[in-house]
Each structure stands twice: as structure tokens, then as C-alpha cells.
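Colleague: Sequence plus predicted model, see below.
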Amino acid sequence: HDALRLRFERVDDGWRQVNGPVGPVEVLHCHDLSGVSVDAQSAVMATVVEEVHAGFDLGCGPLLRAVLFERGAGVRPVLFVAAHHLVVDGVSWRILLEDLAAAYAQIRRGEPVALSAKTTSFRQWALRLAERAAGGGFDDERDYWNGVIGSGEPDLPRDGDGPNTVGVERSVSVRLDAAATRALLQDVPGVYRTRVNDVLLAALGRVLGAWTGRDRILVDLEGHGREEELFDGVDLSRTVGWFTTMFPVALDVVATD
């Protein structure tokens, strides 16, 4: 999977994505926990996992790493696999786990590892997108997207100043009870012929509208990005990479008492 060989270099005008050549890379590391008590192993594993997440080097790679925790006799070992989000998306994980499971089963049977052929490479996809954009293939959509972006205020009110970093973010978690969950997943979509995402967006728009006092709310939505119908002869069913797309949506909020 060529996307796993991607590197990202800082240049004068930003970042440059480079697809490295095929070659031996040290990806798997073994960590012997046989001398650590079973009760204390979880804490050690958590520390190692945190180090792996923090240790990715965008310029040198690799951007996929694996650790095999050997936990001692009679205890099932644990394999931890991490990849930087710049090289994988949710579909990519399905592909990689299927490959890993297939290779493991073949080795256990004493067979040589033979994985299914990869499909359209991430590099080919990126080049075709760039060529289409440079050739004006998306020009007919420009007015529409500019209209969406210019139809509302994109910034949310702030209650203070400070760095906008992951280190200072906070999360608020809310749980729905069984009745509200049933209404969201089953009752409301059937009555209004909507999807669950539509209902959640409607709720988000009303909350943000009431908070900001605006009648139009701009939000960014994510899509899977694997739009094969853009090109002939493209197959992304086994292509690893970060295809996720983001696009603006304007929500018109109806004032309520």
C-alpha cells in the first residue's frame, strides 16, 4: 500500500507530500513483559502506546508502527498497530486488518503470504484529482461553494483569548436515554423521511442558532471521499490512504419560542 510510504516535508510555502520508494522499514517492535506482573502490564502497555503515538516523524517515517507485547507463558500476547491519520482513514483500517488476518492465517497453515492485489494507488488518485482541477474540471461548482461560504458568519463567539490547540481543548459528553435513542434512530427518520445525520444536523443548527442569535449556521461536514464515479477505470476497494473530504453546509434556522 503506497500511502503507507508517504512522507511530509516542510518547505518554504508549506508542506510537500512525498511518496517514498519501496524498501525495508523497521515497523514491528517486540516488547517483553514476561518479567512484569500481569496486574502491572496494562500500565506499561499504556505508556508504550503513548510513546508510539507521540513518536511519529512526518519527514522520516514510517507512519505506521506495530508493537507485539509478549506477556509471558500462558497469557495471550497483544499486538498494537498505530498509523498516522495522514496515511489512513476508516476504510483503510478495514483493508489493513483484513490483510493482517489473511497473512496470519496463511502463515499458520504453513503457506506463503499472498495478499490480494492492491487497487488504484493513492498516488494515482491524487494525480488524477490534481489534473482534473488544473484542467477546470470542477469550475462549474465554484460559484455554488463560494455562495455557501459567503452566506453566513463562519466564526463562533469566543468567551476568552488563548491558544487554539489540542492541549487546551475540553470535551463534554452527553448520553441519550433509551427512549430518546429509539426516537432518533427509528421514529423520527421514518416520519420525516430523513437520515439520522439530518436529525442531528437539525438539532445542532437550532442549538447554535439560539446561542449565537443567527438565522444561518455554517458547519463543515466530512465525507468518505472515495468518489470513484469521478473517473473511469478507478477502483478504490483496496486502496489505503486518507481520502476524507470536508465541505461547508449552511443550515437555515427557524426561530422558535
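Modeller: Sure, I can see it. Here the structure is a predicted model, which means the values were calculated and not measured.

Colleague: where in the protein is pLDDT low?
Modeller: Within the chain, the stretches with pLDDT under 70 are 255-257.

Colleague: Now do the contacts for the residue nearest the centre of it.
Modeller: Nearest to the mean C-alpha position of the chain, counting by Cα atoms, centre = their mean, stands Asp89 at 4.0 Å. Counting by Cβ atoms under 8 Å, 6 or more residues apart in numbering, Asp89 touches 224-225, 241-244. The way it works is simple: take the backbone N, C-alpha and C, and place the C-beta from them, glycine included.

Colleague: May I have the phi/psi pair for it?
Modeller: The phi and psi values for Asp89, taken as degrees, to the nearest 10, are phi -130, psi -170.

Colleague: Contacts made by the top helix by length along the chain with the rest, please.
Modeller: Ranked by residue count, the top helix of the chain under DSSP state H comes out as helix 90-108. The contact list for helix 90-108 (Cβ under 8 Å, 6+ apart) reads 1, 3, 81, 83, 88, 112-116, 224, 226, 238-243.

Colleague: Which SSE is immediately downstream of it?
Modeller: The C-terminal neighbour of helix 90-108 among helices and strands, as given by DSSP states H and E, is helix 122-134.

Colleague: Please work out which residues outside that following helix touch it.
Modeller: 1-3, 6, 17, 19, 138, 230-231, 234, 236, 239-241, 243.

Colleague: could you point out which element follows that helix?
Modeller: helix 139-149.

Colleague: okay, the next helix or strand after that next one in PDB with CA atoms only?
Modeller: Using DSSP H and E, the next helix or strand after helix 139-149 towards the C-terminus is helix 178-182. C-alpha atoms of helix 178-182 as PDB (Å, rounded to 0.1, in the frame of the first residue of the first chain):
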ATOM      1  CA  ALA A 178     -33.400   4.600  25.600                       C
ATOM      2  CA  ALA A 179     -36.500   6.500  24.600                       C
ATOM      3  CA  ALA A 180     -34.600   9.400  23.000                       C
ATOM      4  CA  THR A 181     -32.200   6.900  21.300                       C
ATOM      5  CA  ARG A 182     -35.200   5.000  19.800                       C
END
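
Colleague: how distant is helix 178-182 from the center of its chain?
Modeller: Mean-position distance between helix 178-182 and its chain equals 28 Å (Cα atoms, centre = their mean, to the nearest Å).

Colleague: Who are the packing partners of it?
Modeller: Here helix 178-182 touches no other helix or strand, going by 3 or more Cβ pairs under 8 Å, 6 or more residues apart in numbering; DSSP states H and E.

Colleague: Give me the buried positions along whichever helix or strand comes after it.
Modeller: For helix 178-182, the following helix or strand on the C-terminal side (DSSP H and E) is helix 188-192. Using 16 or more other Cβ atoms under 10 Å as the burial criterion, the residues of helix 188-192 that qualify are Pro189.

Colleague: so how far is helix 188-192 off the chain centroid?
Modeller: 29 Å.

Colleague: just checking, what packs against that helix?
Modeller: helix 196-212.

Colleague: Which other helices and strands does the helix it packs on contact?
Modeller: Going by 3+ Cβ pairs under 8 Å, 6+ apart, helix 196-212 lies up against helix 188-192, strand 216-223, strand 245-252.

Colleague: out of these, which comes closest to Arg142?
Modeller: Closest to Arg142 of those is strand 245-252 (Cβ to Cβ; 12.9 Å).
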